[in-house]
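# The following comprises the amino acid sequence and a computationally predicted model.
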Amino acid sequence: MIAQKQITLGEIYADCQKILEEDKPAFLSLLEEHINLESYIPQTFWKHFYKTIGRDRKYALQGFMWALLIQKIFSIPTDTLLLNILVYSKLLREFCGFTKVPDASKITRFKQDFIEEIQSVFERLVDITEPICQELDAVKAEMTIFDTSGYEAYVTENNPKYFNRILQQMENWAKVKNLDKSFDPYKAAYSAMPSCASKNPEIKQQYLNGHFCYAYKFGTVTNGLGIIRHIDFYNQDFFKRHPEIVIEKKSDSPDEDKSVGDSRLLMPTLKEFFVAHPLIAPKTFLGDSAFDAIQIYKDLLTGDTFGIDALGEGKHFSKAYIPLNSRSKLENADYTINESGHPCCPHDSSLPMKPEGNTSHLRCKIPTFKFVCPKMKWLKCDDGKYRRRTLCENPCTSSLCGRMVYIYPEKDLRAFPGVIRDTPQWNDTYKIRATVEQTLNHFKNNLCIADRKTHNDKTIFADLLFAGITQLISVVLADKIHRSDCFRSLKKLIA
């Protein structure tokens, strides 16, 4: 006979609690176990949020933070859909710490009222994840990649019919005036369109992803791993902080306007990045041809543009991977130089001299690049040693090894920005620049930055910061559970 056992109320409660815990999705359990969100929130954020307002807060600070992070993690496109999910999901509601779901206006006010504090959370996570990035790949972690993008605002001017109407007017005008084929109606339409949206002057006209649009512009700094390091939103507040940026009237070329605009935003953005993170000292910069300007090379590679490091020396990059702009050429009075910056044979400008690497070990201690005769080879001599010997039929010098050219990069940083162009090192390294494009695409599509129906710049900036915080939370969680394949996105863990 089986002995009967009296079950107490406490045992029943414990069994139910165990069932609920085991039924919780594994992903939420991982977040609860490994992510201490409260430790990432600065004390100033707590004080500002819970300051005396005459009544108690119904919704906790970490509740708002978790809800907006869950929105990004699960790719929930709108605040309304997020709140509906919280209403019908008791599990997510309890995870966020909500006993009652806030309305949409409270979510919006939270983003707008605490934008500076949200940015401080993002900056703290950047510092926390820096050692993790160094451990993942020290070389790529020391890279800095800058790029700009735009958020297409929900305004009338972004309706395709708006541009098509102006384009049709330009084409009709060209027919009436009997203009030849050199007239470009697209450029004319671009010039005729207003420079900003009627809804908000902060929404500027841009040429984004191959089409005209009215958008807010923002810039991102990532490392070579594609991990976000800095976000700047180019609104009126940014330009007030940087009066040195001169905004000129747009031309009739959208590509030219974008290049000029990006080049002016580079240095102010990098300066803000280094001020926010004085202990981060990357050595390699990667950017597109929009930054191919002599002054930019000087600012990036020399002096103390970004402050002073721990050793009392000026902070700057040692290498800058920037392709040459097709609209300008390299010139040098001492020797013929090709489009890649390589000196050429004095008798045949189609023959570039061969690079022999960096010779900074010379007595002068000045970084130097060495180029040798294009027809030079290492041959075995009578004494059994291998020496340079030129095989040129019409040598330009009496030296047996042929002509040699020593390049001092500090004299021409544009031609030699700390590295020789069009070498395997250059080509392999520059490919890494694509990671910033992948990060921007991840932010816009997977983290639902695109297609947000709002006009407020603070709301959009807050969404960008939460996208960055979400990616950095991914880095922290992937490190703690030893899943390096998930450091850029948590989708694999959710699946």
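Cool, the structure landed.
# C-alpha only now, for contacts and for neighbours.
Will do.
# which phi and psi does residue 308 have?
Phi and psi for residue 308, reported as degrees, to the nearest 10, are phi -120, psi 140.
# Please name the residues that touch residue 130.
Residues near residue 130 by C-alpha atoms under 8 Å, 6 or more residues apart in numbering: 141, 280.
# That one is in what secondary structure piece?
Assessed by DSSP states H and E, residue 130 sits inside helix 115-136.
# buried set for that helix?
By neighbour count on 16 or more other C-alpha atoms under 10 Å, the buried set for helix 115-136 is 115, 117-130, 132-133.
# buried sites along the following helix or strand past that helix?
Next in sequence after helix 115-136, counting helices and strands by DSSP H and E, comes helix 138-141. Buried residues in helix 138-141, counted by 16+ other C-alpha under 10 Å: 139-141.
# and the helix or strand residue 169 falls within, average pLDDT?
Using DSSP H and E, residue 169 maps to helix 160-176. For helix 160-176, the mean pLDDT works out to 87.
# What residues of that helix count as buried?
163, 166-167, 170-171, 174.
# Packing partners of it?
Judged by 3 or more C-alpha pairs under 8 Å, 6 or more residues apart in numbering; DSSP states H and E, the packing partners of helix 160-176 are helix 185-192.
# Render the CA-only coordinates of the helix it packs on in PDB, please.
Written as PDB, here are the backbone C-alpha positions of helix 185-192 (Å, rounded to 0.1, in the frame of the first residue of the first chain):
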ATOM      1  CA  PRO A 185      16.700  67.500 -65.700                       C
ATOM      2  CA  TYR A 186      17.500  65.600 -62.500                       C
ATOM      3  CA  LYS A 187      20.200  68.100 -61.500                       C
ATOM      4  CA  ALA A 188      17.800  70.900 -62.400                       C
ATOM      5  CA  ALA A 189      15.100  69.400 -60.300                       C
ATOM      6  CA  TYR A 190      17.500  68.900 -57.400                       C
ATOM      7  CA  SER A 191      18.400  72.700 -57.600                       C
ATOM      8  CA  ALA A 192      14.700  73.600 -57.800                       C
END
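# For the helix or strand just after it, enumerate the helices and strands it packs against.
Where DSSP H and E defines the elements, the next helix or strand beyond helix 185-192 is strand 204-208. For strand 204-208, the helices and strands in contact under the criterion 3+ C-alpha pairs under 8 Å, 6+ apart are strand 211-222, helix 254-276.
# mean pLDDT for the ones you listed: which is lowest?
helix 254-276 (a mean of 81).
# Following the chain onward from that helix, which element is next?
strand 284-286.
# what's next to that next one, contact-wise?
Contacts to strand 284-286, defined as C-alpha under 8 Å, 6+ apart, come from residues 142-146, 317-322, 430, 433.
# Restricted to helices, list these.
Among the contacts of strand 284-286, the residues falling in helices (DSSP state H) are residue 430.
# Give me the buried subset of the contacts of strand 284-286.
142-146, 317, 319-322, 430, 433.
# from the residues you listed, which is closest to residue 401?
Nearest to residue 401 among the buried ones among the contacts of strand 284-286 is residue 319, at 30.1 Å by C-alpha to C-alpha.
# tell me, how many neighbours does the nearest residue to that closest one once chain neighbours are set aside end up with?
Spatial nearest neighbour of residue 319, chain neighbours left out: residue 418 (4.5 Å); criterion: C-alpha to C-alpha, 6 or more residues apart in numbering. By other C-alpha atoms under 10 Å, 23 other residues sit near residue 418.
# how far does the helix holding residue 130 sit from the chain's center?
Its chain's average C-alpha position is 14 Å from that of helix 115-136, according to C-alpha atoms, centre = their mean, to the nearest Å.
# Strands of this protein, residue ranges please.
143-152, 204-208, 211-222, 228-233, 284-286, 319-321, 344-345, 348-352, 354-358, 369-372, 376-380, 386-390, 404-407 (DSSP state E).
# CA-only coordinates of the last one in PDB, if you can.
Spelled out, that is strand 404-407. Output of strand 404-407 as PDB, limited to C-alpha atoms (Å, rounded to 0.1, in the frame of the first residue of the first chain):
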ATOM      1  CA  MET A 404      65.800  54.000 -55.300                       C
ATOM      2  CA  VAL A 405      63.400  56.600 -54.000                       C
ATOM      3  CA  TYR A 406      62.800  57.300 -50.300                       C
ATOM      4  CA  ILE A 407      59.500  58.900 -49.500                       C
END
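# List the strands paired with that strand, with their directions.
strand 369-372 (antiparallel) (DSSP bridges).
# Between the two ends of stretch 295-313, what distance do you get?
End-to-end distance for stretch 295-313, by C-alpha to C-alpha, to the nearest Å: 21 Å.
# buried ones in it?
Result for stretch 295-313 [16+ other C-alpha under 10 Å]: buried residues 296-298, 300-302, 305-306.
# export the helix holding residue 169 as CSV, just CAs?
Presented in CSV, the C-alpha positions along helix 160-176 are these (Å, rounded to 0.1, in the frame of the first residue of the first chain):
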residue,chain,number,x,y,z
PRO,A,160,7.6,60.4,-54.9
LYS,A,161,4.9,62.4,-56.5
TYR,A,162,6.5,65.6,-55.1
PHE,A,163,9.8,65.1,-56.9
ASN,A,164,8.2,63.7,-60.1
ARG,A,165,6.1,66.8,-60.4
ILE,A,166,9.2,69.0,-60.3
LEU,A,167,11.1,66.7,-62.6
GLN,A,168,8.2,66.8,-65.2
GLN,A,169,8.3,70.7,-65.0
MET,A,170,12.0,70.7,-65.8
GLU,A,171,11.6,68.3,-68.7
ASN,A,172,8.7,70.4,-70.1
TRP,A,173,10.8,73.5,-69.7
ALA,A,174,13.7,71.9,-71.6
LYS,A,175,11.4,71.1,-74.5
VAL,A,176,10.0,74.6,-74.7
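# what angle sits between that helix and strand 211-222?
Computed by axes from the mean of the first three to the mean of the last three C-alpha atoms, to 10 degrees, the angle separating helix 160-176 from strand 211-222 equals 130 degrees.
# end-to-end on stretch 153-167?
For stretch 153-167, the first-to-last residue distance is 21 Å (C-alpha to C-alpha).
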